[in-house]
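S.K.: Quick one, fold the following:
(chains A and B)
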Protein chains: 2
Amino acid sequence: MAPPATIQAIDPRTGQAVYEGLVETTQEELDSAVHEAHDAFSTWSKTPDRERAEVLNALADALDAHVEELVDIAEHETGLGEVRLTGEVARTSFQLRMFAQLLDEGELLATHVDEPIEGAPPVGRPRMVRSMVPLGPVAVFGASNFPFAFSVLGGDTASALAAGCTVVVKEHPSHPNLSVKVVELARQVFVDHGLPASVLVGVRGLEAGVSLVSHPLICAVGFTGSQVAGRALLDMVNAREVPIPFYGELGSLNPAFITQAAMGARRSELAAEAATSIMMGRGQFCTKPALLFIPDDQEFVDELVSKLSEAPTGPLLSPAIRQRFIDSVSRVSESSGVTSLVADDDASGLSVGAHLLSVSLEDYLANAHGIKEECFGPSAVIIRCSDDTDYLTVSEDLEGALVAAIHAESGADQKVVNSVVDALSGRVGRIVMNGWPTGLAVSPWQHHGGPYPASTSVLHTSVGGQAMMRFVRPLVIQNATPNQWPGLTSI
Amino acid sequence: MAPPATIQAIDPRTGQAVYEGLVETTQEELDSAVHEAHDAFSTWSKTPDRERAEVLNALADALDAHVEELVDIAEHETGLGEVRLTGEVARTSFQLRMFAQLLDEGELLATHVDEPIEGAPPVGRPRMVRSMVPLGPVAVFGASNFPFAFSVLGGDTASALAAGCTVVVKEHPSHPNLSVKVVELARQVFVDHGLPASVLVGVRGLEAGVSLVSHPLICAVGFTGSQVAGRALLDMVNAREVPIPFYGELGSLNPAFITQAAMGARRSELAAEAATSIMMGRGQFCTKPALLFIPDDQEFVDELVSKLSEAPTGPLLSPAIRQRFIDSVSRVSESSGVTSLVADDDASGLSVGAHLLSVSLEDYLANAHGIKEECFGPSAVIIRCSDDTDYLTVSEDLEGALVAAIHAESGADQKVVNSVVDALSGRVGRIVMNGWPTGLAVSPWQHHGGPYPASTSVLHTSVGGQAMMRFVRPLVIQNATPNQWPGLTSI
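M.R.: Have a look, this model is predicted:
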């Protein structure tokens, strides 16, 4: 008999194994896990909003209380650095508390009433009360690049729990021990509140993930990851007998634009900010600015090259991600007309440094297919434009993206900004004026999504209060009053 | 060269052709139609809400102004009767005006602001403004059974237009000349308002429909029809390179329950109401009560048999629908333990009458697969139960449905109602207390949808104000104020 398959954590800083291997979830265990989450749904879905809010706050407290231990594991498994990881824990607990607050405020899941109107239809109508009911057990696939904020207790889980759904988390193989630890913490919180531990269940392994999205009891899927993996899961979901929503946040080639006027006014600041935004999280952000549409301005390029060359090299999240990054950058740099301005990988075979490529607008337009490849890591492509009006042309040609940034001068650039924003509004989910796309705020009306391939479900967001609405559906109860049916909660 | 394919209207009352054959849309014409709707989108999507509301009202006025002519064509093509069809025009214009009113009220598409907060994240944040933007050109597939309310200017079109989307309507082949006429009326209204006629475009033919849902410029699909056709279209949509939402409202086997107490209190009324609800629109409603879970009460059954036997026979919407109805009823009646109580088809070969089948709870549970087949037409199956607690058992076993009805006595039946409503809330989109499921009100908070197969998109409704939200997506503009960027409308 073959030994059971295991997942082995690798410290990307050393390339060496850390911690013991974790045995993958078998098909039988996966089926049990989903059934446990299904059983727990009957309790959690009926837990009043106010109590669900308390539990979300307690989950946040548990993360905060264990921040040092969690960051230590995360640092061994991701190499993202203590400062960043500590900040990410704070962001994750903040996010849980935001959903708790939204539940307390009550507006998102509020019940609405159409009062009865006497008379014949279409004007006349009975009394109708619309409430929102949770979908059922939900599958959540965490991302490698946010081991807290888009993982076990990240935005998908927090919003699904807030909605009243239970969650089966597919633990990410690039931070497996951290995932196990966070799952344990969460389950203890549920138990401490007199709830079934299986309001959240963890499973691991590729096969478990495949079976999870195909399981008849799973009612929705939240996914953050690559376009290839996301599309594969989407196709599996589409093959189900009963369709369910698949909320995939996939890759995104985010554009940034700098007008002539902005360049003239703020060249050095913009170069420094661009470098920071490209390098943040070592470029492993879905919000990284990947395509920089700028005037053909040698001074700016020189300053950006200088800033990027100063940035330290470092490991990516895993050896596989590092290799994919190197391969993608290599492919893009071989596109006709593309030159490499910075290529700072060191010889360790573990770390990568910044990569900056440059291409003329003409070559970009002629070879867009080759250049528009997401390079997940610290890289960007400069597209040298001759006039601000070029930005309208390229905006109309962009694929769906999560976010775009525009650097422009109020007053002088009104016209070009109006037209570019208009074109971008059909192609992206968020437009940042005079800022950079990285650093996504967690707030009630935030939107993190966008036309495919940025997202598989263009109506929905994976960050912000509205993320909760992905996991509830409407129910109307007609012709009943609390007076007649005091036991019904939704009338 | 083969002659062009045509669609020939058939008068279901006579089985004879009426009107001239209509030439099907060619692939080239389909592509042009979508491009026209795409071009018109740039105008319509920027037409202010208030003006869109005026146009919706004008569309309603146009329907009302032509009601006699439209009903005459509809009666020749559907045989649904003048009273019903006139009422349906009123419902359809009422619905257009409801969306106009919702646009005027402004809440559904309102812009929301997260005001900036000073300081570092996660608490600190920039100013973010979330608006809703329309998706783009939308495909709408009308239904045979509502030639107005779920057709060219029906709920899908009205809500898509309200959202700012343009519409390509796949005209239904069972009312083709009516569709052409309504498309003409609508296009004239757009032109009269200085808009492109192609805010709405009509196409016809099966191949055109298939190409329509696969066309890269189409951004969403609204469909009302059979489970077979809907699933086929869904699978085509799923095969697209760029996924788009498919809002399919497919078949539904709607359950109705009568408690012992309600039966004792209101036997005769319930029998009469049940017969009316089953026969309404000759049973060709997606809201028809199909499964009647009732006490084993011979008096009720006798009264229901009597009422159904008195109901006049009549044609179904098309010869094909008539044949499918006869075949489905025949299959269900052959299930083990099923007996036929009413089978009133006449010998004309055109009309059908009521069909009532009956089965014990035990046989229903043993043969549910054979009995749970939608029979689109005037039929229902009685399931004879021995105790109200049986209703909980069967509720937990139901497939997704649009609507359930419960007849119960306030007070005495609290407990059984609470438990059945709880079970049903996971399986249906609407629960009617002491009423029947037919007669769906058009109102802001109505919900017409439900778990698959009732709907392919469980979060959304095809009737009511929220239907509009299927055709918009969020856009956040970050870090901008109207002061700085007065030309941007969404900040």
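
S.K.: Every contact and neighbour count from this point should use C-alpha atoms.
M.R.: OK.

S.K.: ok, then the element right after the lowest-mean-pLDDT helix or strand in chain A?
M.R.: In chain A, no helix or strand scores lower on mean pLDDT, DSSP states H and E than helix A:368-371, which sits at a mean of 91. Remark: after helix A:368-371, the chain's next helix or strand is strand A:379-385, criterion DSSP states H and E.

S.K.: Walk me through which strands that following strand pairs with, and which way each runs.
M.R.: Here strand A:379-385 is paired, per DSSP bridges, with strand A:289-295 (parallel), strand A:355-360 (parallel).

S.K.: can you tell if the least confident helix or strand of chain A touches chain B?
M.R.: No. Contact of helix A:368-371 with chain B (CA under 8 Å from any CA of the partner chain) is absent, the minimum separation being 15.4 Å.

S.K.: helices or strands next to that helix in the packing?
M.R.: Applying 3 or more CA pairs under 8 Å, 6 or more residues apart in numbering or on different chains; DSSP states H and E, one finds that helix A:368-371 contacts helix A:319-333.

S.K.: Let me know the angle separating the helix it packs on from strand A:355-360.
M.R.: Here helix A:319-333 runs at an angle of 20 degrees relative to strand A:355-360 (axes from the mean of the first three to the mean of the last three CA atoms, to 10 degrees).

S.K.: before we move on, the earlier item: buried ones in the least confident helix or strand of chain A?
M.R.: Neighbour-count burial for helix A:368-371 flags A:368, A:371 (criterion: 16 or more other CA atoms under 10 Å in any protein chain shown).

S.K.: Just the element for the closest residue to residue A:301 other than its chain neighbours, please.
M.R.: Nearest-residue entry for residue A:301: residue A:271, 7.6 Å, with adjacent residues in sequence omitted and distances by CA to CA, 6 or more residues apart in numbering or on different chains. For residue A:271, the host element (DSSP H and E) is helix A:260-279.

S.K.: just to revisit the earlier point, tell me which of the strands paired with strand A:379-385 sits most buried.
M.R.: Among the strands paired with strand A:379-385, strand A:289-295 has the highest mean neighbour count (mean count of other CA atoms under 10 Å in any protein chain shown), at a mean of 25.

S.K.: ok, then the element right after that one?
M.R.: Using DSSP H and E, the helix or strand that follows strand A:289-295 in sequence is helix A:298-310.

S.K.: So which elements touch that following helix?
M.R.: helix A:260-279, strand A:339-343.

S.K.: report the angle between the axes of that helix and strand A:379-385?
M.R.: If you take the same axes, to 10 degrees, helix A:298-310 sits at 180 degrees to strand A:379-385.

S.K.: Name every strand pairing with the following helix or strand past helix A:298-310 and say which way it goes.
M.R.: Next along the chain after helix A:298-310, taking DSSP H and E as the criterion, comes strand A:314-315. Partners of strand A:314-315 in the sheet, by DSSP bridges, are strand A:351-352 (antiparallel).

S.K.: where's the partner strand relative to the chain centroid, distance-wise?
M.R.: 24 Å (CA atoms, centre = their mean, to the nearest Å).

S.K.: same question, stretch A:134-150
M.R.: With CA atoms, centre = their mean, you get 9 Å for stretch A:134-150.

S.K.: mean confidence score for that stretch?
M.R.: For stretch A:134-150, the mean pLDDT works out to 97.

S.K.: quick one: contacts for residue A:167?
M.R.: Residue A:167 sits next to A:37, A:137-140, A:157, A:160-161, A:199-201 when contact means CA atoms under 8 Å, 6 or more residues apart in numbering or on different chains.

S.K.: Show only the entries of those found in strands.
M.R.: A:138-140, A:200-201 (DSSP state E).

S.K.: Relative to residue B:339, how far out is the closest residue in space to residue A:386 that isn't next to it in sequence?
M.R.: Once flanking residues are discounted, residue A:386 sits nearest to residue A:295: 5.7 Å by CA to CA, 6+ apart. Per CA to CA, to the nearest Å, residue A:295 is found 80 Å from residue B:339.

S.K.: gap between residue A:423 and residue A:51?
M.R.: Distance, residue A:423 to residue A:51, by CA to CA: 44 Å.

S.K.: Those two: which is more packed in?
M.R.: Applying other CA atoms under 10 Å in any protein chain shown to residue A:423 and residue A:51 shows that residue A:423 carries more neighbours, namely 19 against 15.

S.K.: who touches that one in this structure?
M.R.: So residue A:423 contacts A:392, A:395-396 (CA under 8 Å, 6+ apart).

S.K.: mind running it again at 6 Å?
M.R.: Counting by CA atoms under 6 Å, 6 or more residues apart in numbering or on different chains, residue A:423 makes contact with A:395-396.

S.K.: In terms of helices and strands, where is it?
M.R.: With DSSP H and E as criterion, residue A:423 is part of helix A:414-424.

S.K.: Centre of the chain to that helix, how far?
M.R.: Relative to the centre of its chain, helix A:414-424 is centred 27 Å away, using CA atoms, centre = their mean.

S.K.: Pull out the buried positions in the longest helix along chain A.
M.R.: For chain A, the helix that runs over the most residues, judged by DSSP state H, is helix A:82-105. Across helix A:82-105, burial judged by 16+ other CA under 10 Å covers A:85-104.

S.K.: Out of those residues, which are close to chain B?
M.R.: The subset of those within reach of chain B, by CA under 6 Å from any CA of the partner chain, is residue A:91.

S.K.: hang on, residue A:453 is in a strand, isn't it?
M.R.: No. Counting by DSSP: H, G, I helix; E, B strand; the rest coil, residue A:453 is located in no strand; its state is coil.

S.K.: packing partners for the longest helix of chain A?
M.R.: Where contact means 3 or more CA pairs under 6 Å, 6 or more residues apart in numbering or on different chains; DSSP states H and E, helix A:82-105 is packed against helix A:49-65.

S.K.: Next, the angle helix A:82-105 makes with the helix it packs on.
M.R.: Here helix A:49-65 runs at an angle of 170 degrees relative to helix A:82-105 (the same axes, to 10 degrees).
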